[in-house]
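Enquirer: Sequence and predicted structure below; questions after.
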Amino acid sequence: MTFDLVAQDPQSKARAGVVHTAHGAIQTPIFMPVGTAGTVKAVQQRDLKDDIKAQIILGNTYHLYLRPGLDVLRQAGGLHKFNGWDRPILTDSGGYQVYSLSGTRKIKEEGVKFRSHIDGSQHLFSPEGVMDIQRTIGADIMMAFDECTPWPCEYDYAARSLDMTHRWLKRCIERFDSTEGHYGYQQTLFPIVQGSTFKDLRVKSAEFVAEQQREGNAIGGLSVGEPAELMYEMTELVCDILPQDKPRYLMGVGTPANILENIALGVDMFDCVMPTRNARNGMLFTTQGIINITNKKWATDFEPIDRELGGYVSTFYSRSYVRHLFQSQEMLGPQIASIHNLSFYLWLVGQARERILAGTFREWKDKMVKQVMTRL
């Protein structure tokens, strides 16, 4: 994997670049739809390509390991062949899922022992094992195994966790560098910066990660409940340390405003379940603001969901009709909403890229942050 830094906004730290992978190029800044179990919920690959214009999607090591399992993925020829997605894929290492299973897991130096949420069976995730699993899944970009600390978090715990995450990273790198991909193309490994919301720990982690000289780097442990201003403070601190010539991925972020503000701080890559999860509950993100499509005010609004956004789904279906689908509990409603929201997120980062290339990002961003978060 390689990264070309194409442009830098003159009034912020926003960047435009291109990530080159074995399955194609990714223009940054980019939003990556989350396909936890090998599928972006309620969305076909055709819609991801044609209407949403996704350039890369995510899979999750924890979920794919449990179901369909490594034997199925290996026989299929990897996740790309299994789900029919021929563009880049990134896999999260499962560290966040292990964090969220706090009642059924034990963290030790060896790794993490946990019980499956499916059948209660016991499993061990070690740094080496997670590298092997991601080799079998076949993602273009693999994430290092780490511990995502909760917020708020005691300093002593965050410090101990960080040291262990760094030791795990060295083990991940050693295993990754001593193995090859299974399917005839190159994969790459991203380390993850941790350290909760403590400045000295974030600096320590960012410096340690930068020293590993991998092809890209990630920032984890944010968007876990901390105030947005703390997130931005930690992100800016870390981005100022991580190499300029490598892509930076802020994990699990976030709202449209979060994405725009973090682009301004130097982040290149984002993912979040929000556009699809909120879509299934009737929240639509539009170029003018946020719509709760289940509200009665939309019952006789026959305008398209978002004419300015473009795309088939956003301009073909009326707000009134989509509301009717939700009221009738028709599965087409969440499908339309999911495609629309993802289209909006990809539109938003695409517009950001255009403004960065034109040197007008900062002024546009300040205006859009207010606009896209307005409740209509």
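Expert: Arrived safely.

Enquirer: got a list of what Met368 touches?
Expert: Met368 sits next to Pro256, Leu260, Leu348, Gln351 when contact means C-beta atoms under 8 Å, 6 or more residues apart in numbering. Where C-beta positions appear, they are placed from N, C-alpha and C, glycine not excepted.

Enquirer: same thing but at 7 Å, please
Expert: Taking C-beta atoms under 7 Å, 6 or more residues apart in numbering as the criterion, Met368 is in contact with Leu260.

Enquirer: Counting neighbours, which bits of stretch 81-95 end up buried?
Expert: Phe82, Asn83, Trp85, Arg87, Pro88, Ile89, Leu90, Thr91, Asp92, Ser93, Gly94, Gly95 (16 or more other C-beta atoms under 10 Å).

Enquirer: Kindly report the same for stretch 6-13.
Expert: Buried, per 16+ other C-beta under 10 Å, within stretch 6-13: Gln8, Asp9, Ser12, Lys13.

Enquirer: Would you check that Gly359 makes contact with Pro10?
Expert: Yes: the pair Gly359 / Pro10 is scored as a contact, 5.4 Å apart, by C-beta atoms under 7 Å.

Enquirer: Met164 - how many residues pack around it?
Expert: 16 (other C-beta atoms under 10 Å).

Enquirer: give me the low-pLDDT residue ranges for the stretch 101-250 of the chain?
Expert: 102 (pLDDT under 70).

Enquirer: Could you rerun that using 90?
Expert: Counting by pLDDT under 90, the low-confidence segments of the stretch 101-250 of the chain come to 101-107, 114-115, 117, 148, 150.

Enquirer: Show me what the residue nearest the centre of the chain bridges to in the sheet.
Expert: In the chain, the residue lying closest to the centroid (C-alpha atoms, centre = their mean) is Asp271, at 1.9 Å. Taking DSSP bridges as the rule, Asp271 bridges to Met32.

Enquirer: so what's it up against?
Expert: Met32, Val34, Leu58, Met251, Gly252.

Enquirer: Next: Val313.
Expert: Asp51, Ile336, Ile339, His340, Ser343.

Enquirer: Show residues contacting stretch 345-357.
Expert: 7, 9, 14-16, 27, 29-31, 52-54, 256, 259-260, 263, 275, 309, 361, 364.

Enquirer: Trp85 is in contact with Gln44, isn't it?
Expert: No: judged on C-beta under 7 Å, Trp85 makes no contact with Gln44 at a distance of 10.5 Å.

Enquirer: Can you list which of the contacts of Asp271 are found in strands?
Expert: Among the contacts of Asp271, DSSP state E puts Met32, Leu58 in strands.

Enquirer: partner residues bridging Leu284?
Expert: Ile291.

Enquirer: how close does it sit to Arg323?
Expert: Distance of Leu284 to Arg323, given as C-beta to C-beta, to the nearest Å: 10 Å.

Enquirer: helix, strand or coil for the closest residue to Met269 other than its chain neighbours?
Expert: Closest residue to Met269 apart from its sequence neighbours, by C-beta to C-beta, 6 or more residues apart in numbering: Tyr249 at 3.9 Å. Three-state assignment for Tyr249 (DSSP: H, G, I helix; E, B strand; the rest coil): strand.

Enquirer: What about Tyr249, how many residues nearby?
Expert: The burial count assigned to Tyr249 is 25, neighbours taken as other C-beta under 10 Å.

Enquirer: That one contacts Phe190, doesn't it?
Expert: Yes: between Tyr249 and Phe190 a contact is recorded at 6.3 Å, counting by C-beta under 7 Å.
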